[in-house]
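**Q** One predicted model, sequence on top.
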Amino acid sequence: MARTSVRRFVSGASLATLTAAMLTFGGGGALAAHQVGSSGTIGTYSWTDTGAQPAGTCNYNGGGTLGHVYIVSVKVTAPDTVFWPAGTGASSGTVGFRVKLQHLTGGAWSTVNTGSEATATATRTTSAMFGQRHVNWNGPLTGRDRALVILTWYTPSMTVMGRAKVVIDHYRNNYDHLGRSYCPVVYTLV
């Protein structure tokens, strides 16, 4: 669970409850899916994203030109939970899950492709159910990529009520099967 989500999840809790929650959700500083921005009213959510269970998968082609293997897509597992926010007047609503592929250029991440959005219904006590999402590669031929997830909570008229941006920090890949904190764009085989 992103630390900011942990804070939302346990807001108003006692110090003992907060300490237990931090231990449960891995608040010890380990690299994991983390929220990098939010706007409006959002619900709580959680993700499993560890070295042993990466939330992202980098997919590569079977053989490129001149001994290179290039990235073709990135997949992201579904969030473990996504709930409807309390205090909104409604007890349930629609939540969207979309993945953006970002490329590191000059020290900054820029979006190079966006996948389609899946939507599902969430309540305050029942999580929205999603499958994994993917986004195809459409970026520069060098460097590294990552997945940025956009979770969107919609009003009944389908206008945006709130949005959370979450970076996935662990990736396995289908080329050398190693884990990394990003997706290399290319592997050189020679």
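**A** Thanks, I have the structure now. Numbers count the residues shown, from 1 in each chain.
**Q** Thr48 should be in a helix, yeah?
**A** No. Thr48 is assigned coil when assessed by DSSP: H, G, I helix; E, B strand; the rest coil, not a helix.
**Q** I'd guessed it sits against Ala78; true?
**A** No. In this structure, Thr48 is not within contact of Ala78 by Cβ atoms under 8 Å, at 9.9 Å. C-beta coordinates here come from the backbone N, C-alpha and C atoms, glycine included.
**Q** which residues in this protein form helices?
**A** In the chain, the helices defined using DSSP state H lie at 3-9, 15-24.
**Q** quick one: average confidence on the last one?
**A** Computed over helix 15-24, the mean pLDDT rounds to 29.
**Q** cool, and the shortest one?
**A** Averaged across helix 3-9, the pLDDT comes to 36.
**Q** Please renumber the chain so that the first residue is 49 from this point on.
**A** Sounds good: first residue 49 from here, last item helix 51-57.
**Q** Where does pLDDT dip in the chain?
**A** In the predicted model, the chain carries pLDDT under 70 at residues 49-79, 110-114, 237-238.
**Q** How many residues are close by Gly191?
**A** 14 (other Cβ atoms under 10 Å).
**Q** List phi and psi for it.
**A** The phi and psi values for Gly191, taken as degrees, to the nearest 10, are phi 100, psi -150.
**Q** ok, it touching Leu152?
**A** Yes. Gly191 is within contact range of Leu152, at 5.6 Å (criterion: Cβ under 8 Å).
**Q** From the structure, what's the count of residues near Asp217?
**A** Other residues close to Asp217 by other Cβ under 10 Å number 22.
**Q** Name all residues that make contact with it.
**A** Contacts for Asp217 (Cβ atoms under 8 Å, 6 or more residues apart in numbering) come out as 79-82, 97, 103, 229.
**Q** how much space between it and His116?
**A** Relative to His116, Asp217 is positioned 26 Å away (Cβ to Cβ, to the nearest Å).
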